[in-house]
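> Everything below, folded, please.
(one chain, ligands or ions: 2)
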Amino acid sequence: MAFDEAAIRRHMLVTPGAMAAADERTIAGGTERAVLIRRAARAITRVLRSRYAKQPTVILCGPGHNGADGISVAEMLIEAGWPVEVVLLDENQDLSDRLGVLSRVRPSGTFSPRAGMLVIDALFGAGLSRLLEGEALMLIERLELSQATCLAIDLPSGLDGQTGEIRGAAPYADATVTFHRLKPGHLLGHGPERCGKVFLADIGIEAEEDDAGALHNHPDLWRHLLRPSKRDTHKYEKGHVTALGGPGLKGGAGRLAARAAAVSGAGAVTYLTPLSSAEFAAASFDAVMVAPFHGPDSVTDLTYKRGGACVFGPGMGHGDAAKEALLAVLETEIPCVLDADALTLFEKKPGELFEKLHPNCVLTPHEGEFSRLFGEMEGSKLERACKAAKKAGAVVLLKGSTTVIAGDGLPLVNSNGSAALATAGAGDVLAGLIAGFLAQGMAAAEAAAAGAYIHADAASGQGPGLEAEALPPLIASVLKNLVAPTH
Ligand SMILES: NC(=O)C1=CN([C@@H]2O[C@H](COP(=O)(O)OP(=O)(O)OC[C@H]3O[C@@H](n4cnc5c(N)ncnc54)[C@H](O)[C@@H]3O)[C@@H](O)[C@H]2O)[C@@H](O)CC1
Ligand SMILES: [K+]
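Numbers count the residues shown, from 1 in each chain. Ligands and ions are numbered 1, 2, ... in the order given. As a prediction, the model looks like this:
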């Protein structure tokens, strides 16, 4: 049960270095660079003319091929009668064969972006290799602080295509046109806020699986794993989830996880909770079964009998019995999701947890839980999640508006999150949903990827009033659409 091979090619994220290599491979295969540049320019011009009215337009052109794209766009717009001016970073650039563009070149000092002006940012793309400084910094800072509308070619200049970090300055583009495949920097760090709407243009680069630095999470990758395999089945065959809840007032979190597991497609869910809270829990559930939690045996007996998967953490508390139960279940290697208290329980001794984790575990920390468990790490969110997964020997799903999922295969970046999900209990729902997919037999990275996307899709368009308890029915309807025969 793995990601769909064809979808991997379509949804891979390509680092700037791999993109440069793919360009060169295509050129070596017989497509001239000038042809690629013209295709890129045509794609940019198409987006531009469908998105903006004719208006004063300044094209900032850098010294590399990103700048060459800009010059080619300038030629096309001039031909279409647009009021275009061109600013060259390298003023000695030879434009003797492009007299039409040469006549529009203006000194960089005159660049004064303002509202009502369109600026095409073609200073640097995939080839950005250091901090902006001098004239380049001056141009981009002016653009960053202005009200001009910016269309970026490939990446907003100054945005690192690998990490999404800003190297000195970067404009807030209204839109970005990139080629072949998205780069990690479009989705990570400052990428989403600086790129605006991202358009992807096919310029005839052949995709090779080795080019992938990561995958952009998409249902095409895992939708086939959601379909029930046969009509004649029964509830336990469809997977059982054991959710461990905690005592007293924190019970809501575990109940949310259990409810999410119940709508995941798993056949049955049992919510284990200390006897003092069991009656209340039983009164608040119908389909989810409730059983008393007395200690590790309550969980291991149930998982031995029912198999499936477990979710630990939401509202579980830091009690010794819960910790012992978690460690005992990890010993059995049954698939598990560890969230919230199941992670913070080990922040003083993370090694104790890492020793017991296995590849069927999914850890779902937010940034705070992540740094408490893994310490401060250097690098982009993608790099940090990958390092953490290696350290833990498990799948790590690092939550945020962009979520990263890392295991021992290609990491995934999930970008359909929205502010609506920044609400109490949303993480508990995600943990339960992933456990539900694990119980149905999905591998850990696939379950985490499906969970992250479906959870975010359920919340999209819901606005600031979304409460976590509203998510399970929304998840059920996202799932219904995903498995509909039209796909
Ligand atoms: N390689 C190709 O054949 C194609 C490239 N394309 C375009 O070309 C871009 C990549 O081209 P390049 O690899 O030439 O890279 P760029 O054009 O992004 O930048 C490289 C140039 O900028 C300089 N540079 C890098 N960082 C700098 C900094 N901070 N300050 C000052 N100068 C800096 C480098 O020394 C080099 O001269 C893509 O983003 C895309 O827009 C497309 O036209 C498709 C074809
Ligand atoms: K650019």
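> switch to C-alpha atoms for all contacts and neighbour counts from now on
Will do.
> doesn't residue 326 make contact with residue 337?
No - counting by CA atoms under 8 Å, residue 337 sits too far from residue 326 to count as a contact (10.4 Å).
> the more surrounded of these two?
Set side by side, residue 337 and residue 326 show more neighbours around residue 337, with 28 against 25, by other CA atoms under 10 Å.
> At the contact with ligand 2, which residues of this structure appear?
Counting by CA under 5 Å from the ion, the chain comes close to ligand 2 at 121-122, 124-125, 152-153, 155-157.
> Quick check: which of those residues are also close to ligand 1?
124-125, 153 (CA under 6 Å from any ligand atom).
> could you dump the residues you listed to TSV with pLDDT, secondary structure and distance to residue 200?
Compiled in TSV, those are given as follows (pLDDT from 0 to 100; DSSP: H, G, I helix; E, B strand; the rest coil; distance: CA to CA, whole Å):
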residue	pLDDT	secondary structure	distance to residue 200
124	98	coil	17
125	97	coil	14
153	98	strand	11
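> can you pick the most crowded of the residues you listed?
Compared across these, residue 153 has the highest neighbour count, 29 neighbours, by other CA under 10 Å.
> Show me which residues of the chain sit near ligand 1.
Taking CA under 6 Å from any ligand atom, the part of the chain that reaches ligand 1 is made up of 20, 23, 33, 36-37, 40, 63-67, 69, 124-132, 153-154.
> Which of those are buried? Put it as a ChimeraX command.
ChimeraX command restricting those to the buried ones, with burial defined by 16 or more other CA atoms under 10 Å:
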select :23,36,37,40,63,64,65,66,67,69,124,125,126,127,128,132,153,154
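> Got the domain ranges for the chain?
5-214, 220-482 (automatic domain parsing).
> So which residues of the stretch 51-200 of the chain form strands?
According to DSSP state E, counting those that start in this stretch, the stretch 51-200 of the chain carries its strands in the segments 57-61, 84-88, 118-122, 149-153, 175-179, 197-201.
> Of those strands, which is nearest residue 426?
strand 197-201 (26.4 Å; CA to CA).
> So which bits of the closest one are buried?
For strand 197-201, by 16+ other CA under 10 Å, it's 198-201.
> ok, now how distant is the most centrally placed residue in the chain from ligand 1?
Central residue of the chain (CA atoms, centre = their mean): residue 414, 2.2 Å from the mean position. As judged by CA to the nearest ligand atom, to the nearest Å, residue 414 and ligand 1 stand 23 Å apart.
> residue contacts, that residue?
Residue 414 sits next to 216-218, 402-405, 449, 452-453 when contact means CA atoms under 8 Å, 6 or more residues apart in numbering.
> Just put those in TSV and tack on pLDDT.
Conversion of the contacts of residue 414 to TSV gives the following (pLDDT from 0 to 100):
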residue	pLDDT
216	98
217	98
218	98
402	96
403	97
404	98
405	98
449	98
452	98
453	98
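> re earlier: mind checking the strands of the stretch 51-200 of the chain for the one nearest to residue 296?
Closest among these, once you apply CA to CA, is strand 197-201, at 49.7 Å.
> Now do the contacts for the residue of the stretch 301-450 of the chain found nearest ligand 2.
Ligand 2 sits closest to residue 380 of the stretch 301-450 of the chain, with a gap of 20.6 Å, by CA to the ion. By CA under 8 Å, 6+ apart, the contact set of residue 380 is 163-165, 188-189.
> Same check on residue 111?
Residues in contact with residue 111, defined by CA under 8 Å, 6+ apart, are 87, 139.
> how near is it to residue 150?
Using CA to CA, to the nearest Å, residue 111 is found at 14 Å from residue 150.
> Also residue 120?
Relative to residue 150, and taking CA to CA, residue 120 is found at 6 Å.
> Check residue 275 too.
For residue 275, the distance to residue 150 equals 61 Å [CA to CA].
> now, of the domains of the chain, which is deepest in the fold?
domain 220-482 (a mean of 21; mean count of other CA atoms under 10 Å).
> Could I get the contacting residues of residue 464?
Contacts of residue 464 by CA under 8 Å, 6+ apart are 419-420.
> Helix, strand, or coil at it?
Three-state call for residue 464 (DSSP: H, G, I helix; E, B strand; the rest coil): coil.
> Just the pLDDT for it.
At residue 464, the model reports a pLDDT of 86.
> Adjust the sequence numbering to begin at 382 for everything that follows.
That works, and once the first residue is 382, the last one we named lands at residue 845.
> Quick check: it vs residue 574, distance?
19 Å.
> Dump the longest helix belonging to the chain to PDB, restricted to CA.
Ordering each helix of the chain by length in residues (DSSP state H) puts helix 414-432 first. Output of helix 414-432 as PDB, limited to C-alpha atoms (Å, rounded to 0.1, in the frame of the first residue of the first chain):
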ATOM      1  CA  ARG A 414      17.700  27.000 -24.100                       C
ATOM      2  CA  ALA A 415      16.200  29.900 -26.200                       C
ATOM      3  CA  VAL A 416      13.200  27.700 -26.800                       C
ATOM      4  CA  LEU A 417      12.700  27.000 -23.100                       C
ATOM      5  CA  ILE A 418      13.000  30.700 -22.300                       C
ATOM      6  CA  ARG A 419      10.500  31.600 -25.000                       C
ATOM      7  CA  ARG A 420       8.100  29.000 -23.700                       C
ATOM      8  CA  ALA A 421       8.500  30.400 -20.200                       C
ATOM      9  CA  ALA A 422       8.000  33.900 -21.400                       C
ATOM     10  CA  ARG A 423       4.800  32.900 -23.300                       C
ATOM     11  CA  ALA A 424       3.400  31.300 -20.100                       C
ATOM     12  CA  ILE A 425       4.200  34.400 -18.100                       C
ATOM     13  CA  THR A 426       2.600  36.700 -20.700                       C
ATOM     14  CA  ARG A 427      -0.500  34.500 -20.800                       C
ATOM     15  CA  VAL A 428      -1.000  34.800 -17.000                       C
ATOM     16  CA  LEU A 429      -0.200  38.500 -17.100                       C
ATOM     17  CA  ARG A 430      -2.600  39.400 -19.800                       C
ATOM     18  CA  SER A 431      -5.400  37.300 -18.300                       C
ATOM     19  CA  ARG A 432      -4.900  38.800 -14.800                       C
END
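> Contacts for it, please.
Residues from elsewhere that reach helix 414-432 (CA under 8 Å, 6+ apart): 408, 446, 449-451, 453-454, 457-458, 532, 534, 558, 560, 580, 582, 584-585.
> Next, the angle strand 530-534 makes with that helix.
Here helix 414-432 runs at an angle of 150 degrees relative to strand 530-534 (axes from the mean of the first three to the mean of the last three CA atoms, to 10 degrees).
> picking that back up, and the gap between the residue nearest to the centre of the chain and residue 534?
23 Å.
> Likewise for residue 865?
37 Å.
> Which helix or strand lies directly C-terminal to the helix or strand containing residue 753?
Using DSSP states H and E, residue 753 maps to helix 748-755. Proceeding N to C from helix 748-755, the next assigned helix or strand is helix 762-773, under DSSP H and E.
> Tell me where the model's unsure across the chain.
For the chain, the stretches with pLDDT under 70 are 382, 609-613, 617, 867-868.
> rerun that using 50 as the cut-off
The model of the chain has no residue with pLDDT under 50.
> Start and end of stretch 518-532, how far apart?
Note: stretch 518-532 ends 18 Å apart using CA to CA.
> Please compute how far it lies from its chain's middle.
27 Å (CA atoms, centre = their mean, to the nearest Å).
> Show me what that stretch is in contact with.
Contact with stretch 518-532 is made by 429, 489, 492-502, 538-539, 549-558, as judged by CA under 8 Å, 6+ apart.
> mind listing the strands for the stretch 682-831 of the chain?
690-693, 717-719, 742-744, 776-779, 784-787, 793-795.
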